[in-house]
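J.: Could you work out the structure for the sequence below:
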Amino acid sequence: MTGRGAPTGPVPAARITATATATATATATATAATGPGGAATSPADTGPEALTGGDLARRATADPLFRLVAYALEAAHGRPPAAVWSAPYTFHLGSPGLVAAAGWPVAAAAAPRTDGLVRLSSLAHPADGCDIPLTLSGPPPATPPWAARPYALLRALARAGYGRGGTDLHVQGSLTAAAGLATEEAADCAVALAVADVHTAAGEDPDRVRLARLMGEALPDGDDALRRGALFARPGRALLLGHGPARPEPRRQRQRYVVFDPAASGARLVLLALRPDPDGTQDRTADLTRAVGCARRAGALSAWPPGQQPGRSVLVLLPEARLTAVRAAVAEDFRDRELPVPRFLNITVAGAARREA
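T.: Numbers count the residues shown, from 1 in each chain. Next comes the predicted model:
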């Protein structure tokens, strides 16, 4: 994004990394996959202490989002989930091929069926749950608008051998689109992993490389880089994606990362998101540019859009000591112009999708 004192183009990867980590240079490090598909996390424990989906819904110490999604599937469909997975929202770092995960997840709970029926629900769409037949080809059946995307993904998974008998599925995010991060790609990954998991051998992580390829084919309008970030991210690291023609990928592949850990050097990463205008049709580019200029003058180091295209939000990297000043400067400017104050969302650089139960 541009503005007084703001970068006029993508933020170089080395600058982001150097600022966030106080190291001399940003060095790309090729690291071997630590689990199937090169994920930084492993499947849930398979010993006696491992939680089942039903246990998770009733475990008082579990994360509220994961408890909620497990309980909601049971309440909506009359049976506990066989698996609950979370996948993080992801974002670009302003330089080509660099993505990272935010510490805000989407959760999906799934239970397999044998009657060829798909039952979809979400608390974000409480009146639009649906029960529809799973067809592998031909025009898809009518669905509520929100369910069209997960249904398309379920069809692709079924054609690949995951869930041909049908699935009960509940999806819930910790953020809405108003927060300013892409929401669909994280949901894609949570759904794919949950459904594949209940059709994968116990104790084995679903093949994330294969799932990434399936999602890219079934949902070509999505951002493949963000999906790969959700599948392969590591805490305090940005995933470095390759360029050029796609090549066959082994299940256990090597991922490449660069250090990106603002908290380790006393910096903060925040998402600044404009609140929607009343009719949703106004061009907010000038307002966002002005917000970035205010943030820069108050001490922000850099700013860039979290997606491939500019939108209503920017990620802002700033010293920890300047957080209050930056927020105050932006808020004062918008209040003076009688505009709604933008939202500020703290972002931690998180790890990849994982099994919660």
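J.: drop to CA atoms for contacts and neighbour counts, all remaining ones
T.: Will do.
J.: The residue positioned nearest the centre of the chain and Gly103, how far apart?
T.: When Cα atoms, centre = their mean is applied to the chain, the residue found nearest the centroid is Tyr89 (1.9 Å). Tyr89 sits at a distance of 7 Å from Gly103 (criterion: Cα to Cα, to the nearest Å).
J.: Please, which helix or strand holds Ala291?
T.: helix 285-297 (DSSP states H and E).
J.: for that helix, which positions count as buried?
T.: By neighbour count with 16 or more other Cα atoms under 10 Å, helix 285-297 contains the buried residues 285, 288-297.
J.: Could you point out the helix or strand that follows it?
T.: Helix 285-297 is succeeded, C-terminally, by strand 302-304 (DSSP H and E).
J.: From the chain's centroid, how far away is that following strand?
T.: 20 Å (Cα atoms, centre = their mean, to the nearest Å).
J.: Give the pairing partners of it; include direction for each.
T.: strand 313-319 (antiparallel) (DSSP bridges).
J.: how far away is Pro72 from Pro88?
T.: Actually, residue 72 is Ala rather than Pro. 20 Å.
J.: For these two, indicate the residue with more neighbours.
T.: Pro88 (33 against 24; other Cα atoms under 10 Å).
J.: distance of Trp146 from Leu73?
T.: For Trp146 relative to Leu73 (Cα to Cα), the value is 17 Å.
J.: Pick out whichever of these two has more residues nearby.
T.: Leu73 (29 against 15).
J.: mind listing what that one touches?
T.: 79-81, 109-110, 121, 168-170 (Cα atoms under 8 Å, 6 or more residues apart in numbering).
J.: Of those, just say which sits nearest to Glu217.
T.: Leu169 (21.1 Å; Cα to Cα).
J.: nearest spatial neighbour of that closest one, skipping sequence neighbours?
T.: Ala110 (4.6 Å; Cα to Cα, 6 or more residues apart in numbering).
J.: hang on, Asp346 is in a strand, isn't it?
T.: That one is not Asp; residue 346 is Asn. Yes: secondary structure of Asn346 (DSSP: H, G, I helix; E, B strand; the rest coil): part of a strand.
J.: so how many other residues sit close to it?
T.: Using other Cα under 10 Å: Asn346 sits among 14 other residues.
J.: Please name the bridge partners of it.
T.: Val270.
J.: Surely it is in contact with Ala267?
T.: No: the pair Asn346 / Ala267 is not scored as a contact, 11.4 Å apart, by Cα atoms under 8 Å.
J.: how close does the spatially closest residue to Ala350 that is not a sequence neighbour sit to Tyr257?
T.: Take Ala350 and drop its neighbours on the chain: the residue closest to it by Cα to Cα, 6+ apart is Pro235, 4.2 Å away. Per Cα to Cα, Pro235 is found 11 Å from Tyr257.
J.: That'll do, ta.
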